[in-house]
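Chemist: One predicted model, sequence on top.
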Amino acid sequence: MRPSDSACPLTQLPQELLDYIIGDLPSPQDISNLSQSCKALHIKTIERLYNHISLTWKASDTTRPLTVDSQHAAQSLRPNLLLQTILAKPRYAQSITHLKLQSTGFRGYWSTWGVLPRRRKPLVKRRPDAAKDWTTEKQRLAMDAVHGVRLGRQRDGHADAFTVSHQSWYDAVLMYDLDATIALLICTCSNLASLHLGFHIGDDVVFIPRLLWSLPSIEGTKQFPRCGNLRKTTLGYTRIIDENEEESDMWSRIDWLHPHLDWRGYWAFFWCPIIQTIEMNLMDEVAHEGFQMMEFPPLCSKLTTLRLYESSVTPDTLAKLLSYTPALKTLDYEYWTTHEDSLDCGSLSAAFDVAKSTLEHLRFVSQMKSPTVYEDSLVSGMCNFHDFPVLSSLQLPPAVLLGCRPFSAPRLEESIPSSMKKLCFTDDFFGDAWGAEELTSVLNDFVEGDWGASSPQLQQIYVAIDREWLGEAEDDCLRKLCEENGLKYEL
């Protein structure tokens, strides 16, 4: 028999064999290209295409998720359309493991007139025609899905699946409510491993936290299969920054956006049983006391990576949060504060100490708006990491590690652990206490000293700056000094 006689068209292969072939394709784009080659292959690969879902839309008065107004259209159109699709095709929902919903173009909405609080109660009254977009069959599917979760309050021993905090989950889904839509998406996609919400959820969030808080904190239970596979979540306006964005734009988000965000919709993800990575903006406000509201505190025993961007979380609140993360290895903490007093490194050190036995990588950045204290008092005290047993990567301002008074600063080897491999000094934003001369002097003393004995694993020293911090002469001097002593230096 000739080889051509034994050839079988790809479209005629058994689905199991085709799935095996698709599994070896290196990227979702390859599967997409294969799916578009012919109708028969599209039918055979459609479920695999739902493995990684990414929806992006530009924010506008008709799509932004922060307000509901009688003149505005449905605020969660794209996510809601996805929900309608997977309710009709449950096998598609089972295929989804990575879900990314991204809204861009928020730059014009960081003022008091642009960011309005979202109120849920008048939702139906303001948009009475929205539900007509749902067909009768789709409405039945939505009702079955909501009822199947059995999330709501108890009535005569039975859960009212439709009402959460006096709000109808079913009605909210049909009205394109963002919170209700995302909550039902999470429930429906039982194999979801990664969730990326590239927008702010808004205020008055009730369905997402009620869903996640219902997850027991006791490991090993199988009573709540929801979110059982969720390992990574990214929430909020994290790193969606225009190239020309200025610092004032960032502060506008802190000043005008954060007060309208509901902490419950963000902190609730710490209740996911096997969550490993969390990246989000977090607001402090009443969140610290919010932990006391839960019947079970979060126990993030699997959480290894926590990144808080443009965060208003205070060091005291961070300490409380880290007490629930016994396996944390990577912490990226940005602290933005409008307080006019100094940064208290005592509280900051106490927070870091909670995770010091497991922490391997730490990045800390602080932004202070219009402080009124003197430059040499912007930081109170300093942080010491000498007894952190496994810390290998450290990135922070010199003022936080060595204080605001260079002439009385401790020696560098007294402040970093013997496990350190990479040390990076960042632009400190705490005045000019640490200039080129002061920083060069400290690094010179360290490199010319017996650093090999105190930090035997150290490999690299970085200086990451946003301004002309080190001159060319200082840069060349430090580079040569590090290279002569077996260290890699980067600016």
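Modeler: Ah, there it is.

Chemist: Every contact and neighbour count from this point should use C-alpha atoms.
Modeler: Noted.

Chemist: Against Leu55, how distant is Leu308?
Modeler: 23 Å (C-alpha to C-alpha, to the nearest Å).

Chemist: These two - which one has more neighbours?
Modeler: Leu308 (22 against 14; other C-alpha atoms under 10 Å).

Chemist: would that one count as being in a helix?
Modeler: No - under DSSP: H, G, I helix; E, B strand; the rest coil, Leu308 falls outside any helix and is assigned strand.

Chemist: pretty sure it contacts Trp336?
Modeler: No - Leu308 lies out of contact with Trp336 (C-alpha atoms under 8 Å); the separation is 10.5 Å.

Chemist: any common contacting residues for these two?
Modeler: With contacts defined as C-alpha atoms under 8 Å, 6 or more residues apart in numbering, no residue is shared by Leu308 and Trp336.

Chemist: quick one: low-confidence parts of the stretch 151-300 of the chain?
Modeler: 151-166, 202-203, 215-226, 237-254, 256-257, 259-260, 284-296 (pLDDT under 70).

Chemist: which stretches of it form strands?
Modeler: 154-155, 158-159, 163-164, 167-168, 194-198, 232-235, 277-280 (DSSP state E, counting those that start in this stretch).

Chemist: need those in JSON lines with distance to Val205 and mean neighbour count, can you?
Modeler: Formatted as JSON lines, those follow (distance: least, C-alpha to C-alpha, whole Å; neighbours: other C-alpha atoms under 10 Å):
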{"stretch": "strand 154-155", "distance to Val205": "20", "mean neighbour count": "10"}
{"stretch": "strand 158-159", "distance to Val205": "20", "mean neighbour count": "12"}
{"stretch": "strand 163-164", "distance to Val205": "11", "mean neighbour count": "18"}
{"stretch": "strand 167-168", "distance to Val205": "11", "mean neighbour count": "16"}
{"stretch": "strand 194-198", "distance to Val205": "14", "mean neighbour count": "20"}
{"stretch": "strand 232-235", "distance to Val205": "14", "mean neighbour count": "22"}
{"stretch": "strand 277-280", "distance to Val205": "16", "mean neighbour count": "21"}
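
Chemist: Let me have those in JSON lines, extended by distance to Thr426.
Modeler: Formatted as JSON lines, those follow (distance: least, C-alpha to C-alpha, whole Å):
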{"stretch": "strand 154-155", "distance to Thr426": "52"}
{"stretch": "strand 158-159", "distance to Thr426": "53"}
{"stretch": "strand 163-164", "distance to Thr426": "46"}
{"stretch": "strand 167-168", "distance to Thr426": "47"}
{"stretch": "strand 194-198", "distance to Thr426": "27"}
{"stretch": "strand 232-235", "distance to Thr426": "25"}
{"stretch": "strand 277-280", "distance to Thr426": "21"}
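
Chemist: Could you list the domains of this protein?
Modeler: By the assignment in automatic domain parsing, the chain contains the domains 1-49, 54-269, 304-491.

Chemist: Just give me the lowest mean pLDDT stretch among those domains.
Modeler: With a mean of 53, domain 1-49 has the lowest mean pLDDT of the domains of the chain.

Chemist: how many other residues sit next to the spatially closest residue to His258 that is not a sequence neighbour?
Modeler: Among residues not flanking His258 along the chain, Met283 sits closest, at 6.4 Å (C-alpha to C-alpha, 6 or more residues apart in numbering). For Met283, the number of neighbouring residues by other C-alpha under 10 Å comes to 25.

Chemist: Check which element follows the helix or strand encompassing Tyr333 along the chain.
Modeler: Using DSSP states H and E, Tyr333 maps to strand 330-337. Using DSSP H and E, the helix or strand that directly follows strand 330-337 along the chain is strand 343-344.

Chemist: What strands line up against that next one, and which way round?
Modeler: Next to strand 343-344 in the sheet, as set by DSSP bridges, lie strand 379-380 (parallel).

Chemist: Pull stretch 182-196 out as PDB, backbone CA atoms only.
Modeler: The C-alpha coordinates for stretch 182-196 follow below in PDB (Å, rounded to 0.1, in the frame of the first residue of the first chain):
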ATOM      1  CA  ILE A 182     -18.500  38.000  37.200                       C
ATOM      2  CA  ALA A 183     -19.700  36.000  40.200                       C
ATOM      3  CA  LEU A 184     -21.800  33.700  38.000                       C
ATOM      4  CA  LEU A 185     -18.900  33.400  35.500                       C
ATOM      5  CA  ILE A 186     -16.700  32.200  38.300                       C
ATOM      6  CA  CYS A 187     -19.300  29.600  39.400                       C
ATOM      7  CA  THR A 188     -19.900  28.400  35.900                       C
ATOM      8  CA  CYS A 189     -16.300  27.900  34.900                       C
ATOM      9  CA  SER A 190     -15.400  25.200  37.400                       C
ATOM     10  CA  ASN A 191     -12.000  24.500  35.900                       C
ATOM     11  CA  LEU A 192     -10.900  28.200  36.000                       C
ATOM     12  CA  ALA A 193      -7.300  28.400  37.100                       C
ATOM     13  CA  SER A 194      -6.400  32.000  36.200                       C
ATOM     14  CA  LEU A 195      -8.700  35.100  36.400                       C
ATOM     15  CA  HIS A 196      -7.600  38.500  35.200                       C
END
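
Chemist: which other residues reach that stretch?
Modeler: 79, 83, 86-87, 93-102, 145-146, 149, 207-208, 211, 225-235.

Chemist: Can you tell me which of those residues are classed as buried?
Modeler: Neighbour counting with 16 or more other C-alpha atoms under 10 Å marks 79, 83, 86-87, 93-102, 145-146, 149, 207-208, 211, 226-235 as buried within the contacts of stretch 182-196.

Chemist: Okay, and which of those residues map to helices?
Modeler: Judged by DSSP state H, those include 79, 83, 86-87, 93-95, 145-146, 149, 207-208, 211 as members of helices.

Chemist: could those residues be laid out in JSON lines, adding distance to Leu487?
Modeler: Listed next are these as JSON lines, based on distance: C-alpha to C-alpha, whole Å:
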{"residue": "Pro79", "distance to Leu487": "50"}
{"residue": "Leu83", "distance to Leu487": "53"}
{"residue": "Ile86", "distance to Leu487": "54"}
{"residue": "Leu87", "distance to Leu487": "57"}
{"residue": "Ala93", "distance to Leu487": "51"}
{"residue": "Gln94", "distance to Leu487": "50"}
{"residue": "Ser95", "distance to Leu487": "48"}
{"residue": "Ala145", "distance to Leu487": "59"}
{"residue": "Val146", "distance to Leu487": "59"}
{"residue": "Val149", "distance to Leu487": "57"}
{"residue": "Phe207", "distance to Leu487": "52"}
{"residue": "Ile208", "distance to Leu487": "49"}
{"residue": "Leu211", "distance to Leu487": "50"}
